[in-house]
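> the sequence isn't on hand, but the structure is:
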Ligand SMILES: [Mn+2]
């Protein structure tokens with residue numbers, strides 16, 4: 001059950017004393033845009049708030065207002081003893097990478113949950129989850145509208161970042177009428193569209209494009225499955241200055257192939273897992289259900305999973321080997 005925005009605002013302004021604002025680990029533009037906008041909102045109401053994430057911020061997102069204030073040391077949870085924890089764009093606290101920190105608190109905190117994933121488990125004491133929204137920042141925009149919170153230019157830039165990164169700059173199937181409406185309102189409020197585009201999109205390095213080249217050269221079409229897939233190994237990334245974020249866009253790019261309806265990128269991650277990113281532009285296909293078969297989830301048109309193992313090429317087919 002969702003809580004009314006006014007009830008959440010009343011809780012924050014009358015009860016919350018020390019708030020942890022938590023984007024999910026390996027933060028993307030949406031979770032970090034939402035979290036930094038929320039920090040600005042709490043500061044405007046003189047509420048003490050700390051931005052904490054299990055992992056650090058990619059350089060492509062370092063332009064976001066307040067991004068430099070992000071803490072990653074779990075010790076701050078012991079020192080601060082937060083009474084309130086706010087999560088953004090996270091199906092649950094384990095996915096966010098914050099469960100252990102929450103468990104380390106002497107008193108269980110009040111948890112606020114802002115999200116747009118339909119797989120969200122509504123784990124919060126206060127939930128504000130809108131699955132029809134293109135991004136968590138669109139959800140947060142709706143929250144701010146309901147409580148009539150002024151949108152400063154910094155807040156607008158943070159919110160617009162999540163909307164642009166989750167919709168592929170207003171091009172993927174998540175791009176709804178309301179996403180465009182909210183995008184226009186945020187630009188009117190001073191959201192810096194050009195800066196966001198330059199930092200998050202026009203930011204490819206030569207090494208990243210070399211990796212894209214490898215991924216594209218390996219593209220395999222499975223007509224019987226309506227699938228185009230490719231694989232990226234740790235060995236591919238060795239010697240190239242690339243981050244996981246650099247290859248995030250490969251799955252989105254494959255989604256523009258007209259021949260097939262499903263795009264899949266398999267990628268070895270540092271911790272001994274293979275991450276799968278699934279995309280579709282088709283209304284008839286539910287890639288979240290496909291990801292669910294492998295213990296993952298996400299949206300109908302963009303989903304992912306993670307399984308233990310590594311990638312091997314066996315007779316021309318890339319296989320996940322435990
Ligand atoms: Mn999102």
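Okay, I see it. Note that the structure is predicted; figures quoted are calculated from it, not measured.

> got the contact list for the residue in the stretch 1-150 of the chain positioned nearest to the ion?
Using Cβ to the ion, the single residue of the stretch 1-150 of the chain nearest to the ion is residue 30, 3.5 Å away. For the C-beta atoms, the positions are set from N, CA and C on the backbone; glycine is no exception. If a contact means Cβ atoms under 8 Å, 6 or more residues apart in numbering, then residue 30 has 88, 89, 135, 136, 137, 161, 162, 163, 165, 166 as its contacts.

> let me know whether the fourth one touches residue 86 as I believe.
No: between residue 136 and residue 86 there is no contact, the gap being 11.3 Å when judged by Cβ atoms under 8 Å.

> the more surrounded of the two?
In this view residue 136 and residue 86 are compared by other Cβ atoms under 10 Å, and residue 136 has more residues nearby, 32 against 28.

> on that earlier part again, for residue 136 and residue 86, list the residues in contact with both.
Here residue 136 and residue 86 share the contacting residues residue 114, scored by Cβ under 8 Å, 6+ apart.

> what's the domain layout of the chain?
Residue ranges for the domains of the chain, per automatic domain parsing: 5-200, 206-321.

> make CSV from those and add mean pLDDT to it.
CSV is the format used below for the domains of the chain (pLDDT from 0 to 100):
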stretch, mean pLDDT
domain 5-200, 96
domain 206-321, 90
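
> just name the most buried of those.
Between the domains of the chain, domain 5-200 has the highest mean count of neighbours, a mean of 20, where neighbours are mean count of other Cβ atoms under 10 Å.

> show the subsequent helix or strand relative to the top helix by length along the chain.
Here the longest helix in the chain is taken by residue count, with DSSP state H as the criterion, and it is helix 29-44. Towards the C-terminus, the helix or strand next in line after helix 29-44, according to DSSP states H and E, is strand 48-51.

> sheet-wise, list the partners of that next one with their directions.
Strands that pair with strand 48-51, judged by DSSP bridges, come out as strand 18-23 (parallel).
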